[in-house]
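Asker: Turn this into a structure:
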Amino acid sequence: MKRKRLWISFLICLSLFMTACGTTESSENEQRQDEEEKIQIGMSFDSFVIERWQRDRDVFVSTAKEKGAEVNVQNANGDVEKQKKQIEYFIQKGMDVIVIICIDSQALKESVDKAKAEGIKVIAYDRLIADADVDLYISFDNEMVGTIMGEALVANGLSDGNVLMLGGPLTDSNVYWLEEGFRTVMEQNQVTVLDSIHADGWRAELAAEYVYNNMDVVAQADAIMCGNDDLASKVVHALAEKRLAGEILVVGQDADLEACQRIVEGTQVMTAYKPVEKLAKRAAECAVALAKGEEIAGDDVTVIDNGKYQVPYVGLKPISVTEENINEIIINSGFHLKEDVYLNVPHKMP
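Answerer: Purely as a prediction, here's the structure:
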């Protein structure tokens with residue numbers, strides 16, 4: 001009898017164990033199935049040298065996650081060949097959508113073609129990819145960025161004066177549009193462009209080197225247009241060493257913290273603020289919609305010619321930030337904290 005009871009107890013335990021194993025295996029299978037069904041998005045960044053890119057990444061990933069998608073973020077560190085390999089990796093992983101912040105707008109057509117051949121949707125984020133059949137280009141109105149830069153200088157007395165243009169690399173398609181907008185305003189106000197350069201890879205030290213090595217030209221300038229706030233940072237530092245900071249008008253874009261600090265300090269007159277949270281959120285929504293086979297719709301959708309294709313285009317508007325509206329636009333929106341913006345001039349804090 002005792003042996004019989006032991007045998008029955010053993011069978012019961014074995015049955016419970018097998019049931020538990022089956023439940024665990026079933027749970028694991030369901031989890032794997034859920035992961036497989038999730039929308040997969042690959043995102044290749046140029047680099048994270050520019051301050052704003054980390055904001056773009058965080059908002060995009062968070063929004064995509066809320067909508068049931070997973071995002072694989074890669075950083076190409078300014079290396080075009082590395083970016084191509086990242087896109088190839090995304091293709092091999094069978095991503096539903098690939099989002100590209102391109103390093104060179106002319107270099108990725110073949111990579112995009114490969115992705116499209118595999119049925120993968122492609123979004124050109126912030127920078128247009130030339131001659132490639134991308135499904136969406138989403139950015140800010142870059143010609144308008146140049147326009148409001150020029151208008152800010154004119155509002156500060158630049159009419160009939162002289163300006164230097166220290167811009168980003170022409171491999172970034174946005175640089176062309178920005179300069180188009182800026183030059184138009186300069187021509188309309190009889191401003192002479194003394195010289196212009198393009199800093200390879202957005203390397204800010206190249207803009208500073210120009211100031212150090214060309215003081216004869218810099219001394220004739222009433223203003224300097226910097227392609228972004230990172231370049232402006234190095235330029236203002238160089239001007240400060242020559243005791244010209246605040247004497248020569250400087251503008252930039254991106255509303256970096258240091259740029260906002262310079263605006264309240266008086267060494268930079270304006271920055272073009274681009275609400276990247278809106279851009280990244282809209283891009284993530286579009287990526288999920290494309291993955292589901294939906295069309296991108298909305299009042300902000302137009303088309304743009306990338307040299308070969310008419311590409312669906314979502315363009316957001318930049319905002320000119322000066323000392324007069326910095327509290328309203330930058331601080332009240334939470335983009336930067338008041339105490340950080342006024343760190344070096346606390347006596348001017350409102």
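Asker: I'd guessed Ile330 sits against Pro275; true?
Answerer: No - when contacts are counted by C-beta atoms under 8 Å, Ile330 is not listed as touching Pro275 (10.4 Å). For the C-beta atoms, the positions are set from N, CA and C on the backbone; glycine is no exception.
Asker: and the residue nearest in space to the middle of the chain, what helix or strand is that in?
Answerer: Nearest to the mean C-alpha position of the chain, by C-alpha atoms, centre = their mean, lies Trp53 at 4.7 Å. According to DSSP states H and E, Trp53 maps onto helix 52-66.
Asker: Using CSV, list the CA coordinates for that helix.
Answerer: Provided in CSV are the C-alpha atoms of helix 52-66 (Å, rounded to 0.1, in the frame of the first residue of the first chain):
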residue,chain,number,x,y,z
ARG,A,52,19.8,68.2,-30.9
TRP,A,53,20.1,64.7,-32.3
GLN,A,54,19.8,63.1,-28.9
ARG,A,55,16.5,64.9,-28.4
ASP,A,56,15.3,63.6,-31.8
ARG,A,57,16.3,60.1,-30.9
ASP,A,58,14.6,60.0,-27.5
VAL,A,59,11.3,61.5,-28.7
PHE,A,60,11.2,59.2,-31.8
VAL,A,61,11.9,56.1,-29.8
SER,A,62,9.4,56.9,-27.1
THR,A,63,6.6,57.7,-29.5
ALA,A,64,7.3,54.6,-31.6
LYS,A,65,7.2,52.5,-28.5
GLU,A,66,3.9,54.0,-27.5
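Asker: which parts of the helix or strand following that helix are buried?
Answerer: Where DSSP H and E defines the elements, the next helix or strand beyond helix 52-66 is strand 69-75. Using 16 or more other C-beta atoms under 10 Å as the test for burial, strand 69-75 gives Ala69, Val71, Asn72, Val73, Gln74, Asn75.
Asker: Over to stretch 325-344?
Answerer: For stretch 325-344, the neighbour count (16+ other C-beta under 10 Å) marks Ile326, Asn327, Ile329, Ile330, Ile331, Phe335, His336, Val341, Tyr342, Leu343 as buried.
Asker: nearest to Ile248, of those residues?
Answerer: Using C-beta to C-beta, Ile326 comes nearest to Ile248 of the buried residues of stretch 325-344, at 20.3 Å.
Asker: pLDDT wise, what is that closest one at?
Answerer: pLDDT, Ile326: 98.
Asker: so it makes contact with Ile263?
Answerer: Yes - using C-beta under 8 Å, Ile326 makes contact with Ile263 at a distance of 5.8 Å.
Asker: show me the contacts for Ala107.
Answerer: Residues near Ala107 by C-beta atoms under 8 Å, 6 or more residues apart in numbering: Val80, Lys84, Thr171.
Asker: Would you mind putting those into JSON lines with pLDDT alongside?
Answerer: Compiled in JSON lines, the contacts of Ala107 are given as follows (pLDDT from 0 to 100):
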{"residue": "Val80", "pLDDT": "96"}
{"residue": "Lys84", "pLDDT": "97"}
{"residue": "Thr171", "pLDDT": "91"}
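Asker: Quick one: end-to-end length of stretch 68-81, please.
Answerer: Chord length of stretch 68-81, first to last residue, is 31 Å (C-alpha to C-alpha, to the nearest Å).
Asker: Need the nearest residue in space to Ser333, chain neighbours excluded.
Answerer: In this structure, Ser333 finds its nearest non-sequential neighbour in Pro275, 7.7 Å apart by C-beta to C-beta, 6 or more residues apart in numbering.
Asker: quick one, phi psi at that neighbour?
Answerer: Dihedral pair for Pro275: phi -60, psi 90, per degrees, to the nearest 10.
Asker: Same question for the one 3 residues further on.
Answerer: The phi/psi pair for Lys278 (degrees, to the nearest 10) reads phi -70, psi -40.
Asker: That one: neighbouring residues, count only.
Answerer: Lys278 has 13 neighbouring residues, counting by other C-beta atoms under 10 Å.
Asker: What of the one 4 residues further on?
Answerer: By the other C-beta under 10 Å criterion, the neighbourhood of Arg282 contains 19 residues.
Asker: now Ala152
Answerer: 22.
Asker: element containing it?
Answerer: Going by DSSP H and E, Ala152 is in helix 142-155.
Asker: Please point out which parts of that helix sit buried.
Answerer: Neighbour-count burial for helix 142-155 [16+ other C-beta under 10 Å]: 142-154.
Asker: how about the helices in the stretch 101-250 of the chain?
Answerer: 109-117, 142-155, 173-188, 204-213, 215-218, 229-241 (DSSP state H, counting those that start in this stretch).
Asker: angle of the longest one against helix 142-155?
Answerer: Spelled out, it's helix 173-188. Here helix 173-188 runs at an angle of 40 degrees relative to helix 142-155 (axes from the mean of the first three to the mean of the last three C-alpha atoms, to 10 degrees).
Asker: Can you work out which other helices and strands pack against helix 173-188?
Answerer: helix 142-155, strand 162-167, strand 192-198 (3 or more C-beta pairs under 8 Å, 6 or more residues apart in numbering; DSSP states H and E).
Asker: now the shortest one
Answerer: In terms of contact count using 3+ C-beta pairs under 8 Å, 6+ apart, helix 215-218 is assigned no packing partners among helices or strands.
Asker: Return the distance of stretch 65-73 from the chain's centre.
Answerer: Remark: stretch 65-73 is offset 18 Å from the chain centroid, using C-alpha atoms, centre = their mean, to the nearest Å.
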